[in-house]
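> Need the 3D shape of this:
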Amino acid sequence: MKFAVKLASVAALAVLTATLLTAPTAGATTGYIPTGSVDNVYNGVLTYSTSSPSYLPITGWAADADARLSAIPVRADFSWTQKTCRVLVGCITVVVGQSSLTQSANGYRSDLIGKVGPGDLPWGAYHGFTFYSPPAPVPVGSFNGEQVCLTAVNVGGGSNKSLGCFPLVYQPIV
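Numbering: from 1, shown residues only. Okay, here's the model as predicted:
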């Protein structure tokens, strides 16, 4: 009886060892590219009704299958432009200010419950992000265009993924 118990223990240990040796390690990467989306995009434009453009929430989600249950960084690159037109010369657009923000995509999103990534593995519900448009680094009136480019930053193998570049359009609440 003792021999059978020891034999079963040795067999279980052998199976466990084989599983650990063949399973990918926690730091192993497969080279997936992040994925995600940005909310409130209509016809390629981020549009919001707000009483103050400096408090514009830019929301969405991002995840990377290399770390599917972990938050990944998302970067928001803002730029302010001035478009000037002259007779006989035409129009030119010049960037007059820039600002970048980075944060972890770790906010709760109920719309991600049940969503799956590669291999039909669930993402989990904690991949949301919210950025607020920072105040322009140039005086009001010195720009007439504003844009944000959002990037899901890769973790592990693969590369970063652009979630898109969008002009920001404010519709003031009156």
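> where exactly do the strands run in the chain?
35-38, 41-42, 45-50, 57-63, 73-86, 90-104, 107-108, 126-132, 145-152, 161-172 (DSSP state E).
> Mean neighbour count and mean pLDDT added to those, as a markdown table?
C-beta: built from backbone N, CA, C; applies to glycine. Formatted as a markdown table, the strands of the chain follow (neighbours: other C-beta atoms under 10 Å; pLDDT from 0 to 100):
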| stretch | mean neighbour count | mean pLDDT |
| --- | --- | --- |
| strand 35-38 | 18 | 94 |
| strand 41-42 | 12 | 81 |
| strand 45-50 | 15 | 69 |
| strand 57-63 | 21 | 92 |
| strand 73-86 | 16 | 92 |
| strand 90-104 | 13 | 92 |
| strand 107-108 | 14 | 96 |
| strand 126-132 | 20 | 94 |
| strand 145-152 | 20 | 92 |
| strand 161-172 | 15 | 83 |
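> Quick one: closest of the ones you listed to Pro139.
Pro139 sits nearest to strand 90-104 of all the strands of the chain, at 9.5 Å, using C-beta to C-beta.
> related to what we said a few turns ago, could you dump the strands of the chain into JSON lines and include distance to Lys115?
Formatted as JSON lines, the strands of the chain follow (distance: least, C-beta to C-beta, whole Å):
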{"stretch": "strand 35-38", "distance to Lys115": "10"}
{"stretch": "strand 41-42", "distance to Lys115": "18"}
{"stretch": "strand 45-50", "distance to Lys115": "22"}
{"stretch": "strand 57-63", "distance to Lys115": "9"}
{"stretch": "strand 73-86", "distance to Lys115": "17"}
{"stretch": "strand 90-104", "distance to Lys115": "18"}
{"stretch": "strand 107-108", "distance to Lys115": "13"}
{"stretch": "strand 126-132", "distance to Lys115": "9"}
{"stretch": "strand 145-152", "distance to Lys115": "15"}
{"stretch": "strand 161-172", "distance to Lys115": "16"}
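> of all those strands, which lies closest to Val138?
For these, proximity to Val138 was assessed by C-beta to C-beta; strand 90-104 is nearest, at 4.2 Å.
> Now do the closest residue to Ala62 other than its chain neighbours against Ala125, distance only.
Spatial nearest neighbour of Ala62, excluding adjacent residues (C-beta to C-beta, 6 or more residues apart in numbering): Gly36 at 3.3 Å. Going from Gly36 to Ala125 by C-beta to C-beta, to the nearest Å gives 14 Å.
> right, and Gly164 touches Cys149 too?
Yes: in this structure, Gly164 is within contact of Cys149 by C-beta atoms under 8 Å, at 7.3 Å.
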